[in-house]
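Participant: Need a 3D model of the following:
(one chain, ligands or ions: 1)
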Amino acid sequence: MSRTHRIAVLAGDGIGPEVMTESLRVLDAVESKFGFTTERSEALVGGAAIDDGGHPLPDATISACEASDGILFGSVGGPKWENLPPDTQPERGALLPLRKHFGLFANLRPGVCLPSLTHASPVKNELIPNGFDVLCVRELTGGVYFGSPKGREERDGETVAFDTMIYKRSEIERILHVAFTAAMGRGKRLVSVDKANVLASSVLWREVATEVAKDYPEVELEHLYVDNAAMQLCRRPDSFDVLVTENLFGDILSDEMAMISGSLGMLPSASLGSKKEGSDLYFGMYEPSGGSAPDIAGQGIANPIAQILSVAMLLRFSLGEADAAQAIEDAVAKAIDDGYRTGDIATGAASEKKVGTKEMADAILANL
Ligand code: NAD
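Facilitator: Below is the predicted model of the structure:
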């Protein structure tokens with residue numbers, strides 16, 4: 001029986017529509033190869049939605065997402081909308097409300113440096129002869145970004161400002177389960193990152209991580225303080241498999257990982273909400289780790305791989321099409337091994353085939 005999935009497609013601004021077009025061609029190819037179909041509902045978001053109707057996240061877009069099994073997102077923002085009031089700007093007015101509306105509490109960001117792209121990483125190449133492949137799992141809806149009280153007031157004749165880093169046991173448990181499950185599907189090693197030598201919320205985090213580990217006896221759990229984790233990531237990134245941490249630490253470490261990976265154009269991400277009833281699949285939103293890259297938009301030179309790998313994550317975590325996901329990841333790796341390079345990952349070496357957005361997707365499609 002043929003399988004049908006519903007997805008919302010939100011291309012957004014800048015390079016978003018360009019790379020989205022290519023990723024949907026790749027999705028078409030795996031659909032016919034693996035015998036399933038997707039019903040796609042395209043909707044406006046970000047600056048494109050502001051230009052159309054004055055709001056970065058129209059109700060029709062939310063409805064399209066609600067009716068879907070998962071959201072494929074491009075990127076939003078650009079200079080044209082930079083001077084709008086903060087809450088009506090594309091990122092703040094669309095991305096954050098989408099995360100909130102769908103309770104997307106787990107952010108998964110792979111930091112992958114393929115062996116043939118180590119030259120693009122700022123890490124000394126002798127430290128990463130075979131590249132690396134780390135998955136960062138960041139808690140996305142709790143911690144100091146959302147804790148209360150937060151504010152600013154006068155105390156003893158001086159202005160003070162304060163935030164609250166707070167976590168509930170249940171919030172820590174559910175993100176740890178996501179991370180352990182991800183580790184089970186990979187190298188079965190998990191590093192939990194905290195600051196338990198200083199922060200009360202981290203002491204609870206570490207306790208809960210140790211308890212949840214009992215449900216996953218095959219996974220080797222290690223605890224690292226965040227300052228040490230930041231150092232080890234740039235000294236020995238190839239020793240990590242999965243890393244899990246709270247919101248603020250994850251914000252910083254996942255960007256460090258993007259940096260050491262070499263190019264934003266290669267990195268997808270997933271933001272997962274709750275599991276669908278009676279299944280191991282999550283509702284989620286999938287998007288490149290980078291932004292709308294206005295500096296190269298409209299030129300046909302953006303790297304489509306982050307968007308294409310976002311499709312792979314959508315297939316794996318929300319649609320239950322793991323074979324198709326793996327086929328896409330293998331096809332991307334082969335295109336890179338065959339020497340295809342967009343500008344962001346090119347070195348100018350004679351062996352490289354310098355290509356634009358569409359040609360890179362063609363090279364990937366040829367491997368499917
Ligand atoms: P950016 O990620 O858009 O670009 C940073 C650099 O990386 C640029 O030089 C860009 O050309 C390059 N780059 C990014 N993706 C690439 C790709 N696929 N191929 C080749 N090169 C790529 O970050 P920025 O310049 O700080 O932000 C630009 C706009 O994007 C801003 O309006 C920002 O608010 C928005 N933004 C959106 C998101 C999102 O939609 N999730 C995330 C970050 C930034």
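
Participant: export the helix or strand bottoming out on mean pLDDT in the chain as PDB, just CAs?
Facilitator: The helix or strand of the chain with the lowest confidence, counting by mean pLDDT, DSSP states H and E, is helix 96-101 at a mean of 91. Extracted in PDB, the C-alpha atoms of helix 96-101 (Å, rounded to 0.1, in the frame of the first residue of the first chain):
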ATOM      1  CA  LEU A  96       9.900  32.000  17.600                       C
ATOM      2  CA  PRO A  97       6.100  31.900  17.400                       C
ATOM      3  CA  LEU A  98       6.200  28.700  15.300                       C
ATOM      4  CA  ARG A  99       8.500  27.000  17.900                       C
ATOM      5  CA  LYS A 100       6.100  28.100  20.700                       C
ATOM      6  CA  HIS A 101       2.900  27.200  18.900                       C
END
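
Participant: can you map out the strands along the stretch 251-368 of the chain?
Facilitator: Counting by DSSP state E, counting those that start in this stretch, the stretch 251-368 of the chain has these strands, from start to end: 268-275, 282-288, 340-341, 353-354.

Participant: Relative to the ligand, which of those strands is closest?
Facilitator: Closest to the ligand of the strands of the stretch 251-368 of the chain is strand 282-288 (Cβ to the nearest ligand atom; 5.7 Å). Any C-beta I mention is one placed from the backbone N, CA and C, and that applies to glycine too.

Participant: Who are the packing partners of that closest one?
Facilitator: Where contact means 3 or more Cβ pairs under 8 Å, 6 or more residues apart in numbering; DSSP states H and E, strand 282-288 is packed against strand 70-75, strand 268-275, helix 305-317.

Participant: Any chance of these in a markdown table with mean pLDDT, distance to Ala230 and mean neighbour count as columns?
Facilitator: Listed next are these as a markdown table, based on pLDDT from 0 to 100; distance: least, Cβ to Cβ, whole Å; neighbours: other Cβ atoms under 10 Å:
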| stretch | mean pLDDT | distance to Ala230 | mean neighbour count |
| --- | --- | --- | --- |
| strand 70-75 | 98 | 26 | 28 |
| strand 268-275 | 95 | 19 | 22 |
| helix 305-317 | 97 | 23 | 26 |
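
Participant: what's the closest of these to the ligand?
Facilitator: Nearest of these (Cβ to the nearest ligand atom): strand 70-75, 3.6 Å.
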